[in-house]
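Peer 1: quick check, what structure comes out for this input:
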Amino acid sequence: MNDDVQRFLDRLSERSAQRGQEPTWIAARRQAGAARFEAMGFPHRRVEAWKYTDVRDIARTDFALTDDAEFSPATAAALTLPLDAYRLTFVDGVFAPALSDLGDLPTGVQVLPLSQALEENHEAVGGPLGRLTGVDFSAFAALNTAFFEEGALVRLAPRTVVDKPIVLQFLSRAGEQPVMSHPRILVEAGGRSEATLIEHHAGEEGAANFTNLVEEIILDRGAILTHYKLQEAPLKDRHIASIQVEQGRDSRYTSFNLNLGGGLVRNDVVSDLNGEGAEATLHGLFYGQGRQHVDNHTEVNHNAPHTRSSENYKGILDDRAHGVFNGRVVVKRDSQKIESEQSNANLLLSDRAEVDTKPELEIYADDVKCAHGATTGQLDEEAVYALRARGIDEQTARGLLTLAFAGEVMELVDLDAVAERVELTVAGKLPERFNLAGLVEAAAALNED
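Peer 2: As a prediction, the model looks like this:
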């Protein structure tokens, strides 16, 4: 065992001594997570799935754990999305009741910190927790299983329609010593229920912490979930997320994976289409500047016939940023009448920016319609010139055209508060909110002049 792995295991031993006795099943899972992490160690670049992502910075940093959730109310207010929503807030992984607001939840809706759910009825949580994302998923999932204490539980009773979004907000603080957190999110949506879930990661400038998230989403027959993951963590933060979705018959899962912040970011998103008529739609936008590194791995498993998936990820990279996209679609044997589309387009704003993209299809059935593609390019300088000729300054022109590139994803975002955060990061302060679809047409027309 190397020193990096031992450092994390030592932290776990210290935490276990502070924690005291726990239910048997939790203790057993912690032990299994620690053992699996010890056996696997941190992934290295000789492992194909981590070929382009170096996690040595995480492995070699001495992260502390905290029980403190204090956070400046003014800073929190500036970071919080201006939405009428049910909200749970966590600071460095610790639940912050003063920054949370659940109001009067509708009948049939449960939204509560995971610690409270475990305290009230740990046996009801123990069954589904860890069923999708076990210790073999990755070394980081094993590490999360060993350390998890807090997170969120969201449960929707059958036929429940939630009247406004549910926001899970994770804030990162700047401190003398970097800290780590291992939040766990469990979402169980009953048959024909419907909700919008917003997962928001942000923090104080200068924070250099490590968030290691595991999220399990279970959709019963006919359930509909729209899931926004807005990641705008400070530029020194490290962010690892493992998200796995299990979809029953006729369920609909729509994901908006929007990555703007973080120095080192890795997202694993897996959807298992297990029932006929299930549909997964994965939208992604990753923006990198400076020396940011953003790695998105997706996997859609068509485990049942008559299922459909559609995926569109856009990458925008400036300065010396590095982006990675690996999208994998697997059509299992006898899963006929499948439709799957996958696209990854990337825009490089600098000669030093870099992207590695790898779309994959594995098809073991005959009656399928599957397509995939990937492109990488730069801004059209003629379009920039055409906009400038009409009185638009160069910075605004480049911002507008960059937003136009992101338009296929952003025009589908229904929440202005989310879209405006993305637009501000990608293009800076613009005179007004632009119609991105119209902008794409206008840029094309200018190109023809």
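Peer 1: so, low pLDDT: which residues of the protein?
Peer 2: Under the criterion pLDDT under 70, the flagged ranges of the chain are 1, 429-449.
Peer 1: quick one, helices of it?
Peer 2: For the chain, the helices defined by DSSP state H occupy 3-19, 24-40, 56-60, 73-79, 114-126, 139-147, 381-389, 394-410, 416-427, 436-448.
Peer 1: need the CA coordinates for the third one. PDB is fine.
Peer 2: Okay, so that is helix 56-60. Output in PDB follows, covering the C-alpha atoms of helix 56-60 (Å, rounded to 0.1, in the frame of the first residue of the first chain):
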ATOM      1  CA  ARG A  56      -2.200  12.600  -8.200                       C
ATOM      2  CA  ASP A  57      -3.100  16.100  -6.900                       C
ATOM      3  CA  ILE A  58      -6.000  14.600  -5.000                       C
ATOM      4  CA  ALA A  59      -4.000  11.600  -3.800                       C
ATOM      5  CA  ARG A  60      -1.100  13.600  -2.500                       C
END
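Peer 1: tell me what it is packed against?
Peer 2: When contacts are defined as 3 or more CB pairs under 8 Å, 6 or more residues apart in numbering; DSSP states H and E, helix 56-60 sits against helix 3-19, strand 238-247. Every C-beta, even on glycine, is put in place using the N, C-alpha and C of the backbone.
Peer 1: isn't residue 419 up against residue 409?
Peer 2: No - the pair residue 419 / residue 409 is not scored as a contact, 10.0 Å apart, by CB atoms under 8 Å.
Peer 1: kindly report the domain assignment for this structure.
Peer 2: 3-275, 380-449 (automatic domain parsing).
Peer 1: looking at these, which is buried most?
Peer 2: Of all the domains of the chain, domain 3-275 carries the top mean neighbour count, a mean of 19, counting by mean count of other CB atoms under 10 Å.
Peer 1: for residue 293, give its distance to residue 265.
Peer 2: Residue 293 is 7 Å from residue 265, where distance means CB to CB, to the nearest Å.
Peer 1: kindly report the same for residue 150.
Peer 2: For residue 150 relative to residue 265 (CB to CB), the value is 21 Å.
Peer 1: who's the residue positioned nearest the centre of the chain bridged to?
Peer 2: Centroid-nearest residue in the chain: residue 229, 4.7 Å away (criterion: CA atoms, centre = their mean). Assessed by DSSP bridges, residue 229 has beta-bridge partners residue 199, residue 257.
Peer 1: check residue 195 too.
Peer 2: Residue 195 has these beta-bridge partners by DSSP bridges: residue 225.
Peer 1: list the contacts for the nearest residue to residue 169 once chain neighbours are set aside?
Peer 2: In this structure, residue 169 finds its nearest non-sequential neighbour in residue 89, 4.4 Å apart by CB to CB, 6 or more residues apart in numbering. Taking CB atoms under 8 Å, 6 or more residues apart in numbering, we find residue 89 in contact with 76, 80, 95-96, 99-100, 169-171.
Peer 1: same thing with residue 68?
Peer 2: When contacts are counted by CB under 8 Å, 6+ apart, residue 68 touches 91-92, 94.
Peer 1: related to what we said a few turns ago, let's have the helices of the chain in JSON lines, adding distance to residue 253.
Peer 2: Shown next, in JSON lines, are the helices of the chain (distance: least, CB to CB, whole Å):
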{"stretch": "helix 3-19", "distance to residue 253": "32"}
{"stretch": "helix 24-40", "distance to residue 253": "26"}
{"stretch": "helix 56-60", "distance to residue 253": "29"}
{"stretch": "helix 73-79", "distance to residue 253": "27"}
{"stretch": "helix 114-126", "distance to residue 253": "21"}
{"stretch": "helix 139-147", "distance to residue 253": "20"}
{"stretch": "helix 381-389", "distance to residue 253": "35"}
{"stretch": "helix 394-410", "distance to residue 253": "16"}
{"stretch": "helix 416-427", "distance to residue 253": "18"}
{"stretch": "helix 436-448", "distance to residue 253": "24"}
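Peer 1: show me the one of those helices that comes nearest residue 189.
Peer 2: helix 114-126 (15.8 Å; CB to CB).
Peer 1: same for that closest one, what does it pack against?
Peer 2: Partner elements for helix 114-126 (3+ CB pairs under 8 Å, 6+ apart): helix 24-40, strand 151-156, strand 184-189.
Peer 1: these into TSV, with extra columns for distance to residue 423?
Peer 2: Compiled in TSV, these are given as follows (distance: least, CB to CB, whole Å):
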stretch	distance to residue 423
helix 24-40	39
strand 151-156	28
strand 184-189	27
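Peer 1: next one: residue 154 from residue 191, what distance?
Peer 2: Counting by CB to CB - residue 154 and residue 191 are separated by 16 Å.
Peer 1: cool, and residue 266?
Peer 2: 33 Å.
Peer 1: returning to what we had before: quick one: closest of the helices of the chain to residue 303.
Peer 2: Of these, nearest to residue 303 by CB to CB is helix 139-147, at 20.4 Å.
Peer 1: tell me the angle that closest one makes with helix 24-40.
Peer 2: 140 degrees (axes from the mean of the first three to the mean of the last three CA atoms, to 10 degrees).
Peer 1: contact partners of helix 139-147?
Peer 2: Under the criterion CB under 8 Å, 6+ apart, residues 8, 12, 15, 29-30, 32-34, 36-37, 40-43, 65, 130, 133-136, 180, 182, 184, 212-214, 240, 242, 266 lie in contact with helix 139-147.
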